[in-house]
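> just a sequence and a predicted model for now, questions to come.
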Amino acid sequence: SGKPRFREAGAAWGVNDPGFATHAAFFDYDRDGDLDLYVLNNAFRPLSTFDLSKNLRDIRDEKAGGDCLYRNDGERFSDVSAEAGILGSVIAFGLGLSVSDVDNDGWMDIYVANDFFEKDYLYLNNQDGTFRES
């Protein structure tokens, strides 16, 4: 018919992210030659609770809609967020995402821009599959 057709394949690829995604980026964070995926999510928490939740900033809670880093394993992606050091704040309200080699070390870093409830994050690549928040 000449019209492009798409089908949902997130579950088959291991990226059926349950969050309220606002942005995503494919990039090779581990320099193994394939593209990995970062998904920027908004939290599920009601806005009225954000001011009360600032002490929860560093708690990783996938049920709260935190950001996710997926490693490309060839046939599927694996959620490596926790072991990679991605905080996935329960009060995040992601607005933008940028991937670049910020510190000029040859490894891709991640910048996450959040709304005013949450701080922005600059994740510097440790060159070992993990990131440190700067």
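Arrived safely. Numbers count the residues shown, from 1 in each chain.

> what is the burial count for residue 7?
The tally of other residues near residue 7 (other C-beta atoms under 10 Å) stands at 5. No exception for glycine: its C-beta is placed from N, CA and C like everyone else's.

> distance of it from residue 93?
31 Å (C-beta to C-beta, to the nearest Å).

> surely residue 108 meets residue 25?
No: between residue 108 and residue 25 there is no contact under C-beta atoms under 8 Å: 9.4 Å.

> shared neighbours, the two?
By C-beta atoms under 8 Å, 6 or more residues apart in numbering, residue 108 and residue 25 have these common neighbours: residue 99.

> tell me the first helix or strand C-terminal of the helix or strand where residue 95 lies.
Assigned by DSSP states H and E, residue 95 belongs to strand 94-100. Counting by DSSP H and E, the element after strand 94-100 in chain order, helix or strand, is strand 109-114.

> other SSEs contacting that next one?
In this structure, strand 109-114 packs against strand 94-100, strand 121-125, with contacts taken as 3 or more C-beta pairs under 8 Å, 6 or more residues apart in numbering; DSSP states H and E.

> what does that strand rub up against?
With C-beta under 8 Å, 6+ apart as the test, strand 109-114 has contacts from 25, 29, 38, 40, 67, 89, 92-103, 120-125, 131.

> hmm, 10 Å instead?
By C-beta atoms under 10 Å, 6 or more residues apart in numbering, the residues outside strand 109-114 that reach it are 23, 25, 27, 29, 38, 40, 42-43, 67, 69, 84, 86-87, 89, 91-103, 118-125, 131-134.

> what does stretch 96-104 give?
Residues outside stretch 96-104 that contact it (C-beta under 10 Å, 6+ apart): 22-29, 36, 38-40, 67, 107-114, 120-125, 134.
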